[in-house]
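Participant: here are the coordinates; sequence isn't available:
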């Protein structure tokens, strides 16, 4: 096996120990420092001793404050683009001007730049490109910018152009970008429910917009449009949403789409729904069946509320005696929480004597999990400062 050579000069390498006589040996440092030392090797350049540009960008995206700020901006811009398209279906003249055309062009340029920087700094670019976020960024930004540049003035909205309207419709897909806010949801079940709702909402809104565009296209390019097609082309967006919901729910009540292209589209829509919705639902069922109620509980710390974690082999008698003393009024009236962390669900005695006991019911939380593995991951990823 070929031995990899470190890019850090030997005199600066933290993994080389120098002994009297100039002899150099590789040493295994403590786990708490190994992660930092390996990061130094990765980030070190041959001549400058500074972090690479790619690593600097990656660290900036990993910063919690910067990440929150960028995600908030991206989320707001995504909502603006979605609402702009929906409102445009009712009053197209409001956005068919140079001012909004310039604003929307700048928004898409910013979102594309954000995507390219994340792609450049990603450790696994191929996985990032094929992820949901990557695909949504590509579809919602690149076609829009290409169509704008191909038209006479890229800063004009061109709202009446059907190709431009389709490029604007792709912004509906940015609803899926709101999945990044799942981290504010406390358990996996609710996260999966949010994922299902966002997927269904995106599917319905996008399908309704595409069906509306198909009707406009048939009226504009048909040499002999029928009255039914003209009437369909003047339907409001919410009427198409209603018809799509009726179709996806397999009710089929009062379906006005009778043209061949509309029928083909609806067939593809139903097939897509049959594939996506059950797949998302099966993931939710899998989460519910694989984990107990206690495995889905997450404890969130509260300000000015102390808490203590009880782990190991915890019996109901020992837990009762300890918690009775811990919450005794002699220790003050400051709010306190007790968290019992164990790899298995509580038995009936633990539930009856401790968890459902009125004395502890509001202040004791039982969390099922493998505490040693979790603590190990946190230790290596975020070692305590000064330890």
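Facilitator: Here it is on my side, so go on. The model shown is predicted, which means the values in this text are computed figures rather than measured ones.

Participant: can you list the domains in the protein?
Facilitator: 10-51, 185-290, 303-381 (automatic domain parsing).

Participant: what mean pLDDT does the second one get?
Facilitator: Model confidence over domain 185-290 averages 76 on the pLDDT scale.

Participant: which outside residues touch stretch 361-370?
Facilitator: 291-292, 294-295, 297-299, 323, 327, 335-346, 350, 354-355 (CB atoms under 8 Å, 6 or more residues apart in numbering). Backbone N, C-alpha and C define where each C-beta goes, glycine included.

Participant: now list the buried members of these.
Facilitator: Buried members of the contacts of stretch 361-370, counted by 16 or more other CB atoms under 10 Å: 291, 294-295, 297, 323, 337-342, 346, 350, 354-355.

Participant: which one of those sits closest to residue 143?
Facilitator: Nearest to residue 143, judged by CB to CB, of those is residue 291 at 40.7 Å.

Participant: how far does stretch 95-103 sit from its chain's centre?
Facilitator: Remark: stretch 95-103 is offset 30 Å from the chain centroid, using CA atoms, centre = their mean, to the nearest Å.

Participant: now do the helices in the stretch 251-387 of the chain.
Facilitator: For the stretch 251-387 of the chain, applying DSSP state H, counting those that start in this stretch gives helices covering 260-290, 316-326, 348-350, 371-381.

Participant: hang on, residue 246 in a strand?
Facilitator: No - with DSSP: H, G, I helix; E, B strand; the rest coil as the criterion, residue 246 is located in helix rather than a strand.

Participant: number of residues surrounding residue 326?
Facilitator: Neighbour count of residue 326, defined by other CB atoms under 10 Å: 16.

Participant: show me what contacts it?
Facilitator: Neighbours of residue 326 in contact, by CB under 8 Å, 6+ apart: 308, 336, 338.

Participant: so how far is residue 298 from it?
Facilitator: 22 Å (CB to CB, to the nearest Å).

Participant: any idea which of the buried ones among the contacts of stretch 361-370 is closest to residue 218?
Facilitator: For the buried ones among the contacts of stretch 361-370, the nearest to residue 218 is residue 291 (49.9 Å; CB to CB).

Participant: and the lengthiest helix in the chain, what does it pack onto?
Facilitator: Of all the elements of type helix in the chain, the one with the most residues (DSSP state H) is helix 188-221. Judged by 3 or more CB pairs under 8 Å, 6 or more residues apart in numbering; DSSP states H and E, helix 188-221 is in contact with helix 64-88, helix 162-169, helix 227-233, helix 237-248, helix 260-290.
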